[in-house]
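Visitor: Everything below, folded, please.
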Amino acid sequence: MPAALVKIPDSKAGGHEPQKPVVDVARPQSTQTVDTALLRMVAETKSSPLKIMRDYVSLSFGPGKVSFKDYTQLRLFDEAFWQGADRRHVVGQHRGVEVHQQVNFRHDWWGMFDNKIAMASYLSAYGFPTIATHAVYCESLATTAAHVARDADGLRRALADESIYPLFGKPTEGLQSLGSVGLKRYSSQSRCLETTDGRVVALDAFVADIVRNYAAGYMFQKFASPHAAIRAVCGDRLATIRLVTLNLEGAPKVFRACWKIPAGDNIADNYWRAGNLLAQLDLAQGTVSRVVSGAGLSLAHHIVHPDTKSRMTGFRIPHWDAMVAMVVEAARLMQHVPLIGWDVAALDDGPVIVEMNERPDFFLPQLADARGVLDAELTGFLATQKRKAAERRAENKSSLKDM
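Guide: Numbering: from 1, shown residues only. Next up, the predicted model:
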C-alpha cells in the first residue's frame with residue numbers, strides 16, 4: 001500500500017479530496033469492453049459494426065499485426081484522423097516487440113538500458129550530459145559509500161538533510177515513470193516531506209514505501225528545471241522529447257520525434273498519466289505541429305496548455321539542433337543497439353539525456369504523427385538487421401566449434 005499522505009490544506013476548498021498515492025507502483029487498468037468500444041466507434045464514424053470489424057481484421061492480419069486494443073487506442077477506425085496515411089504501416093504493440101528484438105539482437109547490451117545508474121554512468125563517461133545522482137538506496141548492500149543507503153535508517157538520514165532539496169526520485173530499474181516522485185523540501189520540525197505538487201507525507205511513511213517496493217534500488221537526482229520557455233508552457237517540470245534513432249550502417253539519424261508534455265497534477269510526463277499531452281514535432285525545425293491528449297475514443301486536440309493557457313502549436317523546442325546532434329552522436333556510441341528511444345530534456349544551459357530505451361514505444365510517435373512507423377525505411381532497416389543477426393549467429397557457432 002502507498003504511504004499515507006495529507007493534502008496541504010486549502011482554505012478556499014471545502015470537504016475532502018481523494019488521496020493520491022505519493023508513489024505509483026502500477027498503471028491504472030482500462031475496464032472498457034470490446035462491445036462498448038465498438039458501439040462508440042459506430043456512433044463516432046456513422047459506420048456499421050460489420051464494416052469496422054472487417055477493417056480491423058484486415059489490419060490485424062497485415063504487417064503491423066494490430067490488436068483490437070491497438071486499433072482502438074490508435075484510433076485506426078477513424079480514417080479522417082490518419083489523413084490519408086497508409087494504416088497498414090501502423091505497428092501494434094506485439095509487432096513492436098518483435099521489431100525491437102529483431103533489430104536490437106545484441107541482447108548482451110540490454111542490461112545497461114534496464115538500469116538507470118548504469119545507463120547514466122556510461123553516457124557521462126563519454127561526455128554526454130546526464131542528470132547527476134545525489135543518493136541511492138539498495139537494501140543490504142555492503143558498502144561504505146556516503147551516498148548509498150542500505151537500510152531504512154540510512155535512507156531516513158539521507159532524506160532528513162534539508163539542504164539537498166529539491167529532488168526527483170525513481171526506481172533504478174523500472175519503466176513508464178512508475179515509482180517516481182518529485183520532492184520539494186523536508187521539514188525537520190514536522191518530520192514530513194513536501195512533494196512538488198503540494199502534498200505532504202511523513203518521512204517514515206515514505207521511507208517504508210521505498211523499502212517495501214524498491215529493495216533492488218531507488219535513486220534520487222537533483223531536481224532539474226526545464227528551459228525557461230518550456231516552464232512558461234507547462235510549469236517547472238521536465239517535459240522530455242522522445243527522439244527515436246536508427247543507426248544505419250554506422251550513420252545514425254533521428255527517425256521520429258515527439259514531445260511529452262505534463263499537465264494537471266502530474267510531475268512525470270509519461271503519456272499514460274491522465275491529462276498529459278503529446279505533441280507532433282517537425283523534424284527539421286523542432287516546432288510543434290499539433291497536440292493531443294488521451295487516446296482512441298478519448299482523444300482530444302489542444303492549441304493551448306490546459307494549465308498555463310500558453311499556446312503550444314508553433315512552439316519551437318529550445319536547443320533543438322544541439323539536441324538532435326547530441327542524440328545522433330550518442331546513437332553512434334551505442335552502435336550495438338541500433339534502435340533507441342531517447343528521452344531528452346531542454347534545460348536553460350542546453351539539452352540533457354534523461355533516459356535511453358532499447359524498446360522505444362512506437363505508440364507515441366505513431367499517435368503524434370498519425371503515421372505508422374513501418375515505412376520503407378524501417379522495413380529495409382529491419383531486413384538489414386535480420387541479415388546481421390544471422391551472420392552473428394553463424395560466427396558464434398563457428399567460434400564454439402573452434403574451442
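Visitor: What is the burial count for residue 165?
Guide: Using other Cβ atoms under 10 Å, residue 165 has 18 neighbouring residues. Just so you know, the C-beta spots here come from the backbone N, C-alpha and C atoms, and that holds for glycine as well.
Visitor: Next, the contact list for it, please.
Guide: Applying Cβ atoms under 8 Å, 6 or more residues apart in numbering to residue 165 gives the contacts 183, 184, 185, 186, 223.
Visitor: TSV for these, including pLDDT, neighbour count and secondary structure?
Guide: Shown next, in TSV, are these (pLDDT from 0 to 100; neighbours: other Cβ atoms under 10 Å; DSSP: H, G, I helix; E, B strand; the rest coil):
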residue	pLDDT	neighbour count	secondary structure
183	93	22	strand
184	94	16	strand
185	95	14	strand
186	95	21	strand
223	92	20	coil
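Visitor: List the buried residues of the longest helix anywhere in the chain.
Guide: The helix spanning the most residues in the chain, taking DSSP state H as the definition, is helix 376-402. If you call a residue buried by 16 or more other Cβ atoms under 10 Å, then helix 376-402 has these buried ones: 378, 381, 382, 385, 389.
Visitor: which residues sit against the one helix or strand residue 51 maps to?
Guide: Residue 51 is part of helix 49-60 when elements are defined by DSSP states H and E. The contact list for helix 49-60 (Cβ under 8 Å, 6+ apart) reads 38-39, 41-42, 45, 66-68, 71, 76-77, 87-88, 90, 92.
Visitor: Surely residue 245 and residue 253 touch.
Guide: Yes: contact status for residue 245 versus residue 253: in contact at 6.7 Å, counting by Cβ atoms under 8 Å.
Visitor: okay, and the common contacts of these two?
Guide: residue 328.
Visitor: Just want to know which of those two has more residues nearby.
Guide: Neighbours per residue (other Cβ under 10 Å) separate residue 245 from residue 253, with residue 245 holding more: 26 against 15.
Visitor: where does the protein have low pLDDT?
Guide: Scanning the chain for pLDDT under 70 picks out 1-31, 175-177, 402-403.
Visitor: Residue 269 contacts residue 261, correct?
Guide: Yes: Residue 269 lies in contact with residue 261 (Cβ under 8 Å); the separation is 6.4 Å.
Visitor: joint contacts of these two?
Guide: 239, 276.
Visitor: Apart from its chain neighbours, what residue comes closest to residue 79?
Guide: residue 87 (7.7 Å; Cβ to Cβ, 6 or more residues apart in numbering).
Visitor: Fine, thanks again, bye for now.
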